[in-house]
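Chemist: Below are the sequence and a predicted model for it; my questions follow.
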Amino acid sequence: MRARIAGALGCICAALGTASLGTPAAGSAAGRGPGGAAPAPEAVRVLPDAPVQGDTIVVMIPTVPGGAAAVTFDGNPVETFRAGTARRALIGTDPDVAAGPHRIGLVLREANGVVHRATRTIRLRAAHFGVRRLVLPPSTFGLITPQNLETERRALVPVLGRRTPVAWWHGVFALPSGAPIDSPYGEQGWYNGRREWWHMGVDFAAPAGAPVTSANAGVVALARALPLGGNTVVVDHGQGVLSEYLHLSALAVAEGSRVDRGTVVGRIGATGLVTGPGLHWGLYVNGVPVNPLYWTRAQQDLTAP
Ligand SMILES: [Zn+2]
C-alpha cells in the first residue's frame, strides 16, 4: 500500500502561517471621520458567499487615489495588495479555522483623511474532511528528527514568508499532474495508530518520472532537496500565494526561474517522507495551507479570467 505523510511537513508550515497573521497592515492608524465620498464600506466585496473550510476568502476594496485600506480577520491584520484599481486581501482558511461566524474588519481611509470603519461577518461552513490511516515502516518514521525538522523549517520559513507585491498568476490554476488524486486535502491522518496532522495538500498517484507542472505563473522561490519534502519546488505566484511540489525525483527548474502555467518544474518521485512515488501539491495563502482545488475553478476577483 502506498503511503505518504507529507502532512508532517505541512504541519510546520501551518504553525508559521498562523504567526504570519501578525504582520501589521498599512493604513489602520487613521482617526475616525464624519463620512463622505467613496470608498464606502458598502462597495467592498467579500467572496465567496458561502465559504467552506479550505476555501480562500477574497476581500475586494475599491479605493480612490491617495486612499488606503486595512483589513483584519478575527482581529488579526491581513495584508492588502493592489488588484487593478482596487486593494485585495486574501484570507486563507483551513481545517483549523473553526466552522461558524468570523469577523472581517475594514478600515477605509480617503485621501482627505476621512476614515470609514465597518465589520462584515462571514459564516464558514464545515467541510467534513475524511480520515486516512497509514502504517509506516520505522525507517520512514525515522526521518522525523529534530535536526530534519529544523533543516526543513530553516529552508521554508523565508520562502513561505515571501509577500511579493504583484500578482503573477492569471486565471485558474491547473492541476500539476494528470494523474488521479489518491489523497484529498484536509484528511485527518492517523499514522501507526497515532493521530497526527491533517493533510495540507492534494496527492497525485503517478508513476515515477511523469512530469510535474507549475499550476500557474510565478517565480521559483525554492528548488532543492529537503529531508522530509524530498526534492521540493516552491513557486511564488505573488501577493502571498505560493504553491509547493514535493517528493520529486528530479528538479527541472532553478531558484529564480520564471515559470508559467504548465511549465515542467520536475518529475514525479519518491524522495523524502514517503513510501512510494507520488506528488504532494500544496498551496499557501499568506502562510495558510488552503485547499488548492478551490483555485482550479473560476472564482470572481481571484481566478476569473
Ligand atoms: Zn500529501
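Modeler: Noted; the coordinates are in hand. Numbers count the residues shown, from 1 in each chain.
Chemist: make it CA atoms for all contacts and neighbour counts henceforth
Modeler: OK.
Chemist: In the stretch 201-305 of the chain, what residue lies closest to the ion?
Modeler: Minimum separation of the stretch 201-305 of the chain from the ion (Cα to the ion) falls at residue 280, amounting to 4.1 Å.
Chemist: Surely that residue touches residue 245?
Modeler: Yes: Residue 280 lies in contact with residue 245 (Cα atoms under 8 Å); the separation is 5.8 Å.
Chemist: Show me the beta-bridge partners of residue 204.
Modeler: residue 181, residue 279 (DSSP bridges).
Chemist: Give me the neighbour count for the residue of the stretch 201-305 of the chain closest to the ion.
Modeler: 28 (other Cα atoms under 10 Å).
Chemist: Which pLDDT value belongs to it?
Modeler: Residue 280 is assigned a pLDDT of 97 by the prediction.
Chemist: just the one 5 residues further on next, same as before
Modeler: Among the per-residue scores, residue 285 holds a pLDDT of 98.
Chemist: cool, and the one 3 residues further on?
Modeler: Residue 288 is assigned a pLDDT of 97 by the prediction.
Chemist: now do residue 111
Modeler: pLDDT at residue 111 comes out at 89.
Chemist: can you tell me how far it sits from residue 63?
Modeler: Residue 111 sits at a distance of 10 Å from residue 63 (criterion: Cα to Cα, to the nearest Å).
Chemist: Who has more neighbours out of those two?
Modeler: Neighbours were counted for residue 111 and for residue 63 using other Cα under 10 Å; residue 63 has more, 22 against 13.
Chemist: Quick check: the more buried one touching residue 85?
Modeler: Yes: counting by Cα under 8 Å, residue 85 is a contact partner of residue 63 at 6.8 Å.
Chemist: count of residues packed around the residue in the stretch 51-200 of the chain that the ion sits nearest to?
Modeler: Nearest residue of the stretch 51-200 of the chain to the ion, counting by Cα to the ion: residue 199, 6.1 Å away. By the measure other Cα under 10 Å, the count of residues near residue 199 is 30.
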